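Engineer: Predicted model and sequence below, questions to follow.
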Amino acid sequence: MEVFVQQVFNGIMLGSTYAVVAVGLTLVFGILHIPNFAHGHFYMLGAYLTFFLVTSWKIDFWPALVLSAVLLALLGVLVERIVFRPMRDQPHVNAFISAIGTLMFLEAFVMVVWGPQGHRIPNPYPETVNLLGVVTTQQRLLVIAAAVVLIVLLHLFIKKTVMGATIEAVAQNREGAMLVGINVDRVSSVTFAVSAATAAIAASMVAPIFMVSPTMGALLGMKAFIVVILGGLGSVPGAIVGGYILGIVEALGGGYISADYKDVFAFGALILILAIKPTGLFGKEVG
Amino acid sequence: MRRGQFFREKWPYLILLVFALAVPALFPSRYVLQVITMSCVFAIATLGLNLILGYTGQVSLAHAGFFAIGAYGVAMMTKAGLSFWLALPLSALLAAAVSFFVGLPTLRTRGSYFAIATLCFGVIVSIVAGSWFSLTGGHTGIVGIPLPNAIPFPLVGEIGFHSKAAQYYLVLGFLLLTLFVMHRLVNSVQGLSFVAVRNNEVLAGAVGINAFATKLLSFVIASFFAGIAGGIYASLMRSVSPDVASINLMFNWVVYLLLGGAGTLAGPVVGTLAISALTESLQFLAEYNLLVFGALLVAAMVYCPRGLVGLVEAGGKKVRVYYRRQVGVRSDLEG
Amino acid sequence: MILRVERLTRRFGGLLAVNEVSFHVEKGEILAIIGPNGAGKTTVFNLISGLLHPTSGQIYLEGVPIAGLRPHQIARKGIARTFQTTALFNQLRVIDNLVVAHKLRTTHGLLDTLFRTRRWRADREKSLARAVEVLEFVGLREKALHPVSTLSQEEQKRLAIGVALATEPKIVLLDEPTAGLIQDETDGIMTLIKKLKAAGVTVCVIEHKMRLIMDLAERIIVLNYGNKIAEGTPEEISRNDAVVQAYLGGEYAA
């Protein structure tokens, strides 16, 4: 039973990361319909920037995290402008291949600058805590709490701000939105900025717990896509619930069945579910 | 077709063939020849990818997975004593059979969904290759794979594959065979139906083309050639490891294909050979390879989606000659 | 009777797009379907051609039920269609559009293709012959080797009709074949449709321009809000109160 609770807790922590990253991706993929396959690499780069600021510039953890998020937001805007905007009227597939080019570039960039080996960010809150029989560190609790805060903020952004409403309007009807004078380019830029920044924050939060490495983004990016597709394209609540479910399933599968094959469950599940419902679990038909 | 006409129309290809046959004499370095041979192996895989991605318009990211199935298949079968010449087609057929069952569910999806679903399959293959120790040897993989068996000839004795030149000719033979098959496929109504499905799936359905079956056929043939390439790779490298299923290997093929020119026959070959040559000659820049590849891939998608070959072909003159070959329209149609 | 549609119904959520519509098409005639925007005309075509499946009702082609079949199966049974926004394989040359549209009447398989067997060659000859025949019929013979993108709007509409004909259909469904054309071009397409009839092709056409329909169609059915509100000869339809009402209430596009 203790092991079970421990695994569920680990799952919730994993799931917090997945949920935040998936919400960021759902804004871009689900709402703007841009298959940003480099999203996981934004996450990876965010972790690296925080690592760099903390270890080389000796900045404290929190300001480093904020700075990293800001830099990633700028990168998101840049990538949208250079890579995805020219693809807007082309087949989906072209944007996807452009995204592959982007992720190759980002991964190679990190490899060149920081080398292929993993790095560790000094854990700012390493103290262990005993919570209801689960032994954990403060940092892990912080990851969970930060995810909740971030998700609430994103929700408020979408539902309560003019920009959020505008994003939803563009998602529902691009031509209509243009007709009423919404600047679609600006909406795309802002969405990318928000999406990349949240990925950077999520990555920075878990970086002290796991290692940062150039390949950390690829797998996470795929999982984020899985969550977004299963959770229903463009559905923020779907992405959140999907993220937590994936985290818990993975932790339990890894703990009880086989650590080696834990990812096989997630990926296999996606193929199976797409087989039954090609547009995703709660999917709407999209082009 | 009269012989004179044949030479008049095909002479550039004959020159290319003579050049290809002379490669071992032109590049005596064992290392260079090895690099060229391996590029030709990858060209076979890229030609397969070209069929599903270039002609049929479906981004299959499972290609490295099928390459790996071919590679591990040949590794295991030849180590168990089976002849390479039997193990290779069996492994390729295994890759094709698996792709059939992977295609059934995944090809029901479209666009990026298909790309992600196939990528999931590719990653599953690489995880299994790394984790199923008793079958695949885990992360160390399988070593000591025999070279292709010598081919006995009645008078000259037998042709073995110990020399780099012989290995090169072996791969060249398979590359030419692949090109031949692709040429026949693409320059036919079947080839037109691949493009039709890529171009407008709804219209394709309305004129009686079963888009799903067409995509599945393309996917299975593409995977068959990935398996062939993987099998040759395993036998010539003498070892396989989970690296053969890696995402990066496949991303390289995507780069070769798109920079060379997707949806053309020359594109994948030109792209694979040119980029391999470039990366080899710029060894001192090795670290920056992927950096440049990534940037080039984006640039190609933005500025010239038809790749190098597309740029060359842009002069419209070729169209007519190409066309006459393609469906053999009678000369009276050319007004 | 080639085509018979019985109590065809399609519901999208709460909306009845097509409600118990029945009609039939006789061999060799031109039947027109008219009605205001959103009357369900294109939905009827999508149901017949298998792009949508009916909520209820049945469609018979020469007495054989076909509702629920997939589009490519229905095309093989002999129903060809065009689309309102001209659909062509614009990455292929003109003649390739027709050759690939004739694929459904060929029998060769993958091995025939690889070995270029006699059957493959015979099929290729047959498809090319059909393609050339259709090109002459729609008046695009000299454009055979051109890419689709070099064709004018009207030529593209002709080719779209040609693509439908290349499938050797028993009946052709034309969805607003003159949409977006100017007067002269419209006349050209009208002449082509009359030529279709003269050649014995059965046609079912959706058309907005009333004037054209009146001297084209033998019979007309009128849809409004998914219901069939009238059926008859052009004279009967032009005197029908319900029709006039529907058109005056909606958009009158003459």
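Structural biologist: Yes, it's here. Quantities reported herein were computed from a predicted structural model and do not represent experimental measurements.
Engineer: Can you name the residue of the stretch 101-250 of chain B nearest to chain C?
Structural biologist: Nearest to chain C in the stretch 101-250 of chain B, going by Cβ to the nearest Cβ, is B:Gly208, at a distance of 3.0 Å. In short, each C-beta sits where N, CA and C put it, glycine included.
Engineer: what about residue 171, which helix or strand?
Structural biologist: As the question left the chain open, I've gone with chain A. Assigned by DSSP states H and E, A:Ala171 belongs to helix A:162-172.
Engineer: Not quite, go with chain B.
Structural biologist: When secondary structure is defined by DSSP H and E, B:Val171 falls within helix B:164-186.
Engineer: who touches that helix?
Structural biologist: Residues from elsewhere that reach helix B:164-186 (Cβ atoms under 8 Å, 6 or more residues apart in numbering or on different chains): B:20-21, B:23-24, B:30, B:33-34, B:36-37, B:40-41, B:43-44, B:47-48, B:50-51, B:55, B:147-148, B:159-161, B:191, B:194, B:221, B:225, B:228, B:232, B:236, B:265, B:269, C:113-114, C:116.
Engineer: check which helix or strand covers residue 205.
Structural biologist: You didn't pick a chain, so chain A it is. helix A:184-206.
Engineer: was after chain C, sorry
Structural biologist: Under the criterion DSSP H and E, the helix or strand holding C:Val205 is strand C:202-206.
Engineer: residues from the stretch 151-254 of chain C in reach of chain B?
Structural biologist: C:163-164, C:166-167 (Cβ under 8 Å from any Cβ of the partner chain).
Engineer: circling back to that earlier point, any buried residues in the helix holding A:Met205, and which?
Structural biologist: The neighbour-count check on helix A:184-206 (16 or more other Cβ atoms under 10 Å in any protein chain shown) flags A:184, A:187-206 as buried.
Engineer: Then stretch C:232-241?
Structural biologist: Within stretch C:232-241, the residues scored as buried using 16+ other Cβ under 10 Å are C:234, C:237, C:240.
Engineer: so of those residues, which ones are in strands?
Structural biologist: In strands, judged by DSSP state E, none of those are found.
Engineer: right, and out of those residues, which lies closest to chain A?
Structural biologist: Nearest to chain A among those, with distances taken as Cβ to the nearest Cβ, is C:Ile237, at 35.2 Å.
Engineer: Tell me who's in contact with that closest one.
Structural biologist: Residues near C:Ile237 by Cβ under 8 Å, 6+ apart: C:34, C:220, C:222, C:230, C:243.
Engineer: now do 10 Å
Structural biologist: C:32, C:34, C:210, C:213-214, C:217, C:219-222, C:230-231, C:243-244 (Cβ atoms under 10 Å, 6 or more residues apart in numbering or on different chains).
Engineer: give me the low-pLDDT residue ranges for chain A?
Structural biologist: Along chain A, segments meeting pLDDT under 70 span A:1, A:279-287.
Engineer: Which residue is it, in it, that comes closest to chain C?
Structural biologist: When scored by Cβ to the nearest Cβ, chain A has A:Pro91 as its residue closest to chain C, at 11.2 Å.
Engineer: Tally up the residues packed near that residue, please.
Structural biologist: Burial measure for A:Pro91: 16 neighbouring residues, criterion other Cβ atoms under 10 Å in any protein chain shown.
Engineer: Kindly report the same for the one 4 residues further on.
Structural biologist: With neighbours defined by other Cβ under 10 Å, the count for A:Ala95 comes to 24.
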